[in-house]
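> Compute the structure for the input listed below.
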Amino acid sequence: MIIKEKTCAVTGHRVISKKLDPKEVENSLYKAINDGFDTFLCGMALGFDTLCFNILYRLKKDNPIKIIACVPCDSQDTFFTKKQKAEYKKMLDSADEVIYVSKTYFDGCMQVRNQFMVDNASKLIAYLNAGYGGTYNTVKYAIDRGVSVEYVGK
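Here you go, the predicted structure:
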């Protein structure tokens with residue numbers, strides 16, 4: 001069961017700038033844990049989602065948190081490389097819970113996944129460096145719904 005007030009979602013770009021310090025991301029996630037967030041929703045995309053999942057998995061060893069993989073469709077990894085598919089499977093196997101927003105791919109399923117995460121969280125940690133695209137739309141959706149947004153990598 002997801003308790004919105006104790007749930008934090010993450011969103012960010014698939015391509016991560018070399019300027020983004022992973023320690024800054026870890027500090028934001030750790031602060032969220034210290035602020036009482038015990039459930040983290042991760043969209044399981046390449047880039048920022050993968051970075052956050054791996055940091056959360058490491059933090060989980062010393063903190064009672066739950067990582068929920070929010071997968072847009074069962075074919076999300078279709079265009080991943082062999083190495084990316086192996087890491088993706090490892091992450092899915094390591095998640096406390098896996099939620100498939102849709103069984104099959106459809107145009108817009110990524111957006112539905114993002115809205116699901118925002119609708120079930122009271123905080124969003126975002127790596128946003130463009131005024132367009134999926135991450136931008138997710139942040140805008142969160143702001144429109146009164147979800148607290150914390151930016152990293154600015």
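> what residue is smack in the middle of the chain?
Centroid-nearest residue in the chain, with Cα atoms, centre = their mean: Cys42, separated by 2.8 Å.
> so what's the residue nearest to it when sequence neighbours are not counted up against?
Leaving aside its sequence neighbours, Cys42 sits nearest to Phe53 (Cβ to Cβ, 6 or more residues apart in numbering; 4.9 Å). From N, CA and C alone the C-beta is placed, and that goes for glycine too. With contacts defined as Cβ atoms under 8 Å, 6 or more residues apart in numbering, the neighbours of Phe53 are 42, 44, 67, 69, 91, 95.
> How is Phe53 assigned, secondary-structure-wise?
Three-state call for Phe53 (DSSP: H, G, I helix; E, B strand; the rest coil): helix.
> do you know how far it is from Phe40?
Separation of Phe53 from Phe40 (Cβ to Cβ, to the nearest Å) stands at 9 Å.
> so what's in contact with these two at the same time?
Common neighbours of Phe53 and Phe40 are listed as Ile67 (criterion: Cβ under 8 Å, 6+ apart).
> now the contacts of Phe53 in TSV, with pLDDT, distance to Met1 and secondary structure?
Formatted as TSV, those follow (pLDDT from 0 to 100; distance: Cβ to Cβ, whole Å; DSSP: H, G, I helix; E, B strand; the rest coil):
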residue	pLDDT	distance to Met1	secondary structure
Cys42	98	18	strand
Met44	97	20	coil
Ile67	98	15	strand
Ala69	98	16	strand
Met91	97	22	helix
Ala95	98	16	coil
